[in-house]
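[1] Here you go, sequence then predicted model.
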Amino acid sequence: MQTDELTGRVREFLAAHDPAGTQRLDFLRARFDAGLAWVSFPVGLGGLGLSRAAQPAVDAAFAAAGAPDNDPLSIGIGLGMAAPTILRHGTDEQRQRWLRPLWTGEEVWCQLFSEPGAGSDLAALGTRAVRGTGPDGTDGWIVNGQKVWTSMAHQARWAILLARTDPDLPKHQGITYFVCDLTHPGVDVRPLRQITGEAEFNEVFLTDVWIPDGYRLGGVGEGWRVAQTTLMNERVAIGGGAVPREAGMIGALSRTWRERPELRGPGTHDALMKLWVAAEAGRLAATRLREQLAAGQPGAEGSAVKYAFARLNQEVSGFELELLGADGLTYDDWTMRRPSHVDWENRSPGYRYLRAKGNSIEGGTSEILCNIIAERVLGLPPEPRADKDVAWKDLPR
Amino acid sequence: MSTLLYSDVEEDLRASVRQALDRPAGGDAWRALATGIGCAGLAVPEEFGGAGASWREAAVVAEEVGRAAAPVPWLGSVLGTAALTTAAVGTAAVDTAAPLSAGARDLLPAVASGDLLAVLVLPLSTPPGAPVPATVRADGHALTGSVTTVADAQGAGVLIVPTPDGLYAVDAAHAEQTPVTALDQTRPLSTVTFSSAQATRLGDGAMAGAAWAAALRIGAAVLAGEQLGVAEWCLSSTVDYVKTRYQFARPVGSFQAVKHRLAQLWVDVTQARAVARYAAGCVADDDPDAAVAASLAQAHCGPVAVRAAEECVQLHGGIGFTWEHRAHWYLKRAKAAAIALGTATQHRAALGDLVSLPPN
């Protein structure tokens, strides 16, 4: 479908659904049903079976008309991770049940993957799912364990969950992928206060939580393979989005430099320009990656973009704090806020410095990214694996 | 903004250049490149016998020249041709009210064919934004003065000499050249001395200034391509080496200390590719952002090439320190190229002015 035809469809839709005169949720549901939600999804599931490259034109046309959106920043885990996995590995029934309210934001999703004992080594996870019978007598699973670093769990209705179904198999083989209803008894969500003072994240305790077998995504023991869809999309999501020059932290730093000449000095100018150059290099590399993806070329650069973004954010925010001198000693607010996404722009430089420390940990640590680049891109030998052919239950921990 | 990817035509050009530079020593690689493939005329307009391509393609040639650390006068040729084409047709970035140079137009066909190598006479370390140097003086149609560390002049047929009073062309036979023992053994340098040398006046001082500025900007962008090529060779040859070099009964490339260094270098090279492509595209299109793009490219790609070459030497261990291995050519080339047309520090200072981030 040509861009013209597609934007024509958006115009027709807008003519039939006046954004100003339609309830937000009704509007979003209708947009989904018209296939104009995520146009790369199949017909009947909010899309038109087009390429991902067609999406920006659609979103821009809706934005230009002042249409309400689904607040994508706040439902990023659902859109970026749960949805592609449900689409790829779910049954028709599961897709029909979950994708529409996921896209409209009626039902928020979170991710129950990481555990206190399984961070970078995610496949070592120990949350157990044991076969059982539900309150209604149907077959399913009883889940026990603890998950951490769970954004949005306090607002989420659903979670994608990895649990161990067979501890006698090596660690990658005994995992199954589930969808967990967070309203079920036994789910205990507690805020996890971070270095910044806020609590974006949670720890989630699962005690005898019931999951019907119909909420399983993919086969029993297939969870690791299914999770690859989720994790691949996480890195794409983090690396995405076209940005103008001086967007992000370097913009805040540049503004400070321009507006406060009294802070300038010969020693700091070259340091500032080094960061400006690094930011611009990172921005152009991300732009080139998007061009590669749009042209259908393999984009191993995604790991590079994420790695460089973390390094840059930490360097820029650290420099900004020192540049500010006395002001760098202050902090805006230690209240335990519960934000739905990171607010780089409006929080103080101290917040930016502290929050950036998470960038090299979340979504794959920088060290793991280096391993991925070294092994999958450069073809260097893999790390020695003592855990490969050993039953999960026999691993040292 | 033009694409940051390579076109099929550029990939074909790359393959041809690589093949030409691959020939065993003794063959005339420059002749194969300049005339055989037609690189000399790539960025020259068709009306002057050129290919009517652009500096974007010239940067692809530079990548391959860098990858081979080839001792061909590509940078010198680019600087000279950039000065001549600017004098002949102007640029959007400079005042084209100045009358265009008939003298430059007369020279361009021979330059485009590859028969006449035109080299711009400037110290290779000239930083961005430097004024036209006053080391050479014109007295009527005779030039007198001396310029040190001029790159690639030894094979030149004509020397393009910018002075504050005008832009001149001098038959290379009318200048005296003293070779300099250069740090970079792959890019010959010489001191060029004019003693009342007979010269053709190509244009006035304003034209000299415009040609000078355009050549520095285009040269910086194309040199970034060369630095990218150097970095790519250093990375890939090091990766190949650590896969086959065994110590402690393991490939040294299996140690995480080595893997992570190479992964980080790969990230840097990936960025350098995007930055170099952006700069080449901007100077090709005479984009308003060309000055920023060129200085950005030198501020980023110069240090990346040096780091890649230093890592190459270090991770090759003992053999990397010897003339038994090619690594030393690349280290010397990278370090000298980081000084050529301004150091990263000088380009960062220039960027500060360009993007309204003043030093004080």
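    Done, it's in.
[2] distance of B:A15 from chain A?
    18 Å (Cβ to the nearest Cβ, to the nearest Å). The C-beta positions use only the backbone N, C-alpha and C, and glycine is treated the same way.
[3] which SS class is the residue in the stretch 1-150 of chain B positioned nearest to chain A?
    Closest residue of the stretch 1-150 of chain B to chain A, Cβ to the nearest Cβ: B:L4 (4.1 Å). With DSSP: H, G, I helix; E, B strand; the rest coil as the basis, B:L4 sits in coil.
[4] same question, A:E367
    Under three-state DSSP, the three-state class of A:E367 is helix.
[5] same check, this time on the one 4 residues further on
    For A:N371, the assignment made with three-state DSSP gives helix.
[6] just checking, it touches B:Q256?
    Yes: between A:N371 and B:Q256 a contact is recorded at 7.4 Å, counting by Cβ atoms under 8 Å.
[7] Identify the contacts common to the two.
    Common neighbours of A:N371 and B:Q256, using Cβ atoms under 8 Å, 6 or more residues apart in numbering or on different chains, are A:E383.
[8] between the two, who's got more neighbours?
    For A:N371 and B:Q256, the more surrounded residue by other Cβ atoms under 10 Å in any protein chain shown is A:N371, and the numbers stand at 21 against 14.
[9] residues touching that one, list them.
    A:N371 sits in contact with A:E383, B:Q256, B:K259, B:H260, B:A263, where contact means Cβ under 8 Å, 6+ apart.
[10] Among the residues you listed, name the buried ones.
    Buried by 16 or more other Cβ atoms under 10 Å in any protein chain shown: B:K259, B:H260, B:A263, out of those.
[11] Those residues in strands, which ones?
    Among these, no residue falls in strands (DSSP state E).
[12] Restricting to these, which residues neighbour chain A?
    B:K259, B:H260, B:A263 (Cβ under 8 Å from any Cβ of the partner chain).
[13] My guess is A:S254 contacts A:E246. True?
    Yes: with contact defined as Cβ under 8 Å, A:S254 and A:E246 form a contacting pair (5.5 Å).
[14] which of these two has more neighbours?
    Of the pair A:S254 and A:E246, A:S254 is the one with more neighbours under other Cβ under 10 Å, namely 21 against 18.
[15] which SS class is the more buried one?
    A:S254 ends up helix, using three-state DSSP.
[16] so what's it up against?
    A:E246, A:W276, B:V355, B:L357.
[17] one step back: pretty sure the residue of the stretch 1-150 of chain B closest to chain A contacts B:G281?
    Yes: with contact defined as Cβ under 8 Å, B:L4 counts as touching B:G281 (7.2 Å).
[18] and the closest residue to B:A112 other than its chain neighbours, what does it touch?
    With Cβ to Cβ, 6 or more residues apart in numbering or on different chains as the criterion, B:A112 has its nearest non-adjacent residue at 3.3 Å, and that residue is B:G41. Applying Cβ under 8 Å, 6+ apart to B:G41 gives the contacts B:G49, B:G50, B:A51, B:V111, B:A112, B:S113, B:G114.
[19] Now do the phi/psi pair for B:G41.
    phi -100, psi 10 (degrees, to the nearest 10).
[20] tell me what the helix or strand harbouring B:V61 is packed against?
    Take DSSP states H and E as the rule and B:V61 turns out to sit in helix B:55-68. If you count contacts as 3 or more Cβ pairs under 8 Å, 6 or more residues apart in numbering or on different chains; DSSP states H and E, helix B:55-68 packs onto helix B:8-21, helix B:74-89, helix B:205-244, helix B:256-284.
[21] now the following helix or strand past the longest one: mean pLDDT?
    I take that to be helix B:205-244. Next helix or strand after helix B:205-244 toward the C-terminus (DSSP H and E): strand B:246-247. When pLDDT is averaged over strand B:246-247, the result is 97.
[22] next structured bit after strand B:246-247?
    Next along from strand B:246-247, by DSSP H and E: strand B:250-251.
[23] so what does that next one touch, helix or strand wise?
    helix B:205-244.
[24] between the helix it packs on and helix B:8-21, what angle do the directions make?
    Taking axes from the mean of the first three to the mean of the last three Cα atoms, to 10 degrees, one finds helix B:205-244 and helix B:8-21 inclined to each other by 70 degrees.
[25] And the strands in the stretch 1-150 of chain A, which stretches?
    A:109-112, A:128-133, A:139-147 (DSSP state E, counting those that start in this stretch).
[26] now do the stretch 201-350 of chain A
    Counting by DSSP E, counting those that start in this stretch, the strands of the stretch 201-350 of chain A are A:201-212, A:216-217.
[27] The stretch 51-200 of chain B now?
    Assignment of strands within the stretch 51-200 of chain B using DSSP E, counting those that start in this stretch yields the ranges B:118-120, B:136-139, B:142-151, B:158-163, B:166-171, B:176-180, B:189-198, B:200-204.
[28] Run me through the strand neighbours of the last one, direction for each.
    So the one you mean is strand B:200-204. According to DSSP bridges, strand B:200-204 has the following sheet partners: strand B:166-171 (antiparallel).
[29] neighbouring contacts of the strand it pairs with?
    B:83, B:87, B:101, B:103-104, B:107, B:118, B:138, B:143, B:157-162, B:194, B:197-205, B:207-208, B:211.
[30] Now it: average pLDDT?
    Here the average pLDDT along strand B:166-171 is 98.
[31] For that strand, buried residues please.
    Buried, per 16+ other Cβ under 10 Å, within strand B:166-171: B:G166, B:L167, B:Y168, B:A169, B:V170.
[32] Make TSV out of those and add distance to A:E301.
    Below are the buried residues of strand B:166-171 laid out as TSV (distance: Cβ to Cβ, whole Å):
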residue	distance to A:E301
B:G166	48
B:L167	43
B:Y168	46
B:A169	45
B:V170	47
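[33] Tell me the one among those residues nearest to B:V222.
    Proximity of these to B:V222 (Cβ to Cβ) peaks at B:L167, which lies at 20.3 Å.
[34] Could you report the distance from the closest one to chain A?
    In terms of Cβ to the nearest Cβ, B:L167 sits 32 Å off from chain A.
[35] residues in the stretch 251-360 of chain B within reach of chain A, list them.
    With Cβ under 8 Å from any Cβ as the criterion, the stretch 251-360 of chain B comes near chain A at residues B:251, B:253-254, B:256, B:258-260, B:262-264, B:266-267, B:270-275, B:277-278, B:296, B:299-300, B:345, B:348-349, B:351-352, B:355-360.
[36] if I look at the nearest residue to A:G197 once chain neighbours are set aside, how far off is A:A199?
    Nearest residue to A:G197, sequence neighbours excluded (Cβ to Cβ, 6+ apart): A:W334, at 4.1 Å. Distance from A:W334 to A:A199, counting by Cβ to Cβ, to the nearest Å: 12 Å.
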